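Peer 1: need the 3D shape of this:
(chains A and B)
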Amino acid sequence: AQSVAQPEDQVNVAEGNPLTVKCTYSVSGNPYLFWYVQYPNRGLQFLLKYITGDNLVKGSYGFEAEFNKSQTSFHLKKPSALVSDSALYFCAVRDWNDYKLSFGAGTTVTVRA
Amino acid sequence: DVKVTQSSRYLVKRTGEKVFLECVQDMDHENMFWYRQDPGLGLRLIYFSYDVKMKEKGDIPEGYSVSREKKERFSLILESASTNQTSMYLCASSHSRETYEQYFGPGTRLTVT
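Peer 2: Residues are numbered from 1 along each chain as shown, chains lettered A, B, ... in the order given. I've put the predicted structure just below:
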């Protein structure tokens, strides 16, 4: 079985400050990890993924994520948050031999001006 | 750009009605998925299909069925809508290769009264 935990329902930061959204996962084999963002009344947009290789993955809109195998984590980061980054963020995981993604419950990010 | 479209953005149906949600993708993807999204629960997989006329149950298939007669189209059917099926429904598609991310449609917000 595979699962994802996003321990924070909400993250609030000031514009210009670093932003971190936490994610931990559980899979039986090698993980494929993804971050998606959802703006109000929209579908999910792909941000970035970790499949193999470098533990630091860079994605869209200046976001990056760090894969940590020992801590089974894949935290999303942005060095300087923008008001426009305010949205709902989902972490997802799949086992290497499975079609299905398992999603976390989501973290609402609010960036105040 | 990958495009996944869903037939309706908003839908209101009565209890007991048969409901059809349509999804079309234009990138020749092998895999297609139906999720429902509820606050605090993230996305939960209802059904997925990895080829025409092929389908597999996801985590919450009860009360739903699907149809995939053409590669580009994946339909979700609520045989007899109930109020607990009020939700946001998201369709997604992906290539069959293991590392490919899923691309999502804009969602259909279904209300069953």
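Peer 1: rest of the way, CA atoms for contacts and neighbours
Peer 2: Fine.
Peer 1: near chain B, which residues of chain A show up?
Peer 2: Counting by CA under 8 Å from any CA of the partner chain, chain A comes close to chain B at A:32, A:34, A:41-46, A:49, A:51, A:90, A:96-99, A:102-106.
Peer 1: change it to 6 Å
Peer 2: Contacts of chain A with chain B, taken as CA under 6 Å from any CA of the partner chain, map to A:42-44, A:103-106.
Peer 1: what residues does chain B put near chain A?
Peer 2: Chain B comes close to chain A at residues B:40-43, B:104-107, as judged by CA under 6 Å from any CA.
Peer 1: residue A:13 versus the residue of chain A positioned farthest from its centre, what's the distance?
Peer 2: Note on chain A: the largest C-alpha distance from the chain mean falls to residue A:113, namely 22.6 Å (CA atoms, centre = their mean). Residue A:113 sits 9 Å away from residue A:13, going by CA to CA, to the nearest Å.
Peer 1: next up, the contacts around the residue farthest from the centre of chain A.
Peer 2: Counting by CA atoms under 6 Å, 6 or more residues apart in numbering or on different chains, residue A:113 touches residue A:15.
Peer 1: and the pLDDT at it?
Peer 2: Looking at residue A:113, its pLDDT stands at 95.
Peer 1: same deal with residue B:97?
Peer 2: For residue B:97, the pLDDT comes out at 65.
Peer 1: helix, strand, or coil at residue A:99?
Peer 2: Under DSSP: H, G, I helix; E, B strand; the rest coil, residue A:99 falls in the coil class.
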